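J.: After the sequence you'll find the predicted model.
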2 protein chains.
Amino acid sequence: MTSPNSSREGSLGELEHIVLLTLVRLGDDAYGMSVRSTIHELIGRDISIGAIYTTLERLQDKGYVRSSMGEATAKRGGRAKKYFKVTAKGTKALRAVRSNLEVLWQGIQIFGSLDGEFGRI
Amino acid sequence: MTSPNSSREGSLGELEHIVLLTLVRLGDDAYGMSVRSTIHELIGRDISIGAIYTTLERLQDKGYVRSSMGEATAKRGGRAKKYFKVTAKGTKALRAVRSNLEVLWQGIQIFGSLDGEFGRI
DNA sequence: ATTATTTATTCTACAATTTAGAAAAAATGA
DNA sequence: TCATTTTTTCTAAATTGTAGAATAAATAAT
């Protein structure tokens, strides 16, 4: 690549998109394991924990999230969690992706209609 | 990988998602170049033509689209186009992705509100 | 106090997807 | 014939997605 294609802002990999969105949803309780189980509960997708963490790390490298260590809790296996928080930049990326998807889906009619709408961003 | 994770149905790569959706939009006029320009017009993303074609081919390998050659047109450079059509399987994948996204975005509130909704699928 | 179990993160290596750019093909126009 | 245009194909590489094993740190059980 010579010139870094700038038209690619508002572009997130599929898993990055899902993970970032789940972080927003989880708020203060967002860490590796909870992200994984929440995604599973919401859409039934079983992503390995290793995949979750590499994605989280890449998201951090890109400045879309930051992380901070919590404290251990007094229960079996309650080691300290690494919490993740979406940055302003991450929020912006999410908004852009959302906006693009709305345009792309606008007017698309495929039988079997699902009539939901996206939540506000 | 030992067992092919089946929870991954209703999963399309980001570009696959965009391209498939654009094929639906274009209907009978969907071929490499038109897909590329339409995406550019809709979301301003400048994807190389090579990238479009590799995606189209992969989509075909997965059975999400089929292709057929058209005829040459009587104009400069009017060589025969390769038209693409979304299959029932492709439509199904699109519906699943859409459904998952609706769930994931449900209830997400990020300032700067975009209040559109997805088109029906 | 050693060992087991649980929750959690990190590491490693590979597969799949995305990407650009150059090459080739097939048409008309000069 | 040579140039130009529209279109597809090929090639190589970067980025993203993936699982599984290893490690760590806590409490529970013996």
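T.: Done, it's in. Here the structure is a predicted model, which is why all the values come from computation and not from measurement. Numbers count the residues shown, from 1 in each chain, chains lettered A, B, ... in the order given.

J.: In terms of helices and strands, where is the spatially most central residue of chain A?
T.: Per Cα atoms, centre = their mean, the C-alpha nearest to the average position across chain A is that of residue A:20, at 1.6 Å. In this assignment (DSSP states H and E), residue A:20 forms part of helix A:14-26.

J.: do residue A:37 as well
T.: Remark: residue A:37 resides in helix A:32-43, with elements defined by DSSP H and E.

J.: what's the answer for residue A:97, then?
T.: Taking DSSP H and E as the criterion, the element that holds residue A:97 is helix A:88-105.

J.: which parts of chain A sit against DNA strand D?
T.: Contact residues (Cβ under 7 Å from any atom of the strand) of chain A with DNA strand D: A:1, A:13-17, A:46-51, A:53-55, A:58, A:72, A:74-80. Bear in mind the C-beta positions are built from the backbone N, C-alpha and C, glycine included.

J.: Show the model's pLDDT score for whichever residue of chain A sits closest to DNA strand C.
T.: Nearest residue of chain A to DNA strand C, counting by Cβ to the nearest atom of the strand: residue A:77, 2.2 Å away. Looking at residue A:77, its pLDDT reads 93.

J.: Repeat that for residue A:11.
T.: 88.

J.: and it, helix, strand or coil?
T.: The assignment at residue A:11 comes out as coil when based on DSSP: H, G, I helix; E, B strand; the rest coil.

J.: quick one: contacts for the residue nearest to residue A:12 when sequence neighbours are not counted?
T.: On the basis of Cβ to Cβ, 6 or more residues apart in numbering or on different chains, the spatially nearest residue to residue A:12 that is not a chain neighbour turns out to be residue A:97, at 5.2 Å. By Cβ atoms under 8 Å, 6 or more residues apart in numbering or on different chains, the contact set of residue A:97 is A:10-12, A:17.

J.: Columns neighbour count on top of these, output as JSON lines?
T.: Listed next are these as JSON lines, based on neighbours: other Cβ atoms under 10 Å in any protein chain shown:
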{"residue": "A:10", "neighbour count": "18"}
{"residue": "A:11", "neighbour count": "19"}
{"residue": "A:12", "neighbour count": "22"}
{"residue": "A:17", "neighbour count": "21"}
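
J.: Contacts only, for residue A:87.
T.: With Cβ under 8 Å, 6+ apart as the criterion, the residues that contact residue A:87 are A:63-66.

J.: Any of these buried? List them.
T.: Under a neighbour-count criterion of 16 or more other Cβ atoms under 10 Å in any protein chain shown, the subset of the contacts of residue A:87 counted as buried comprises A:64-65.
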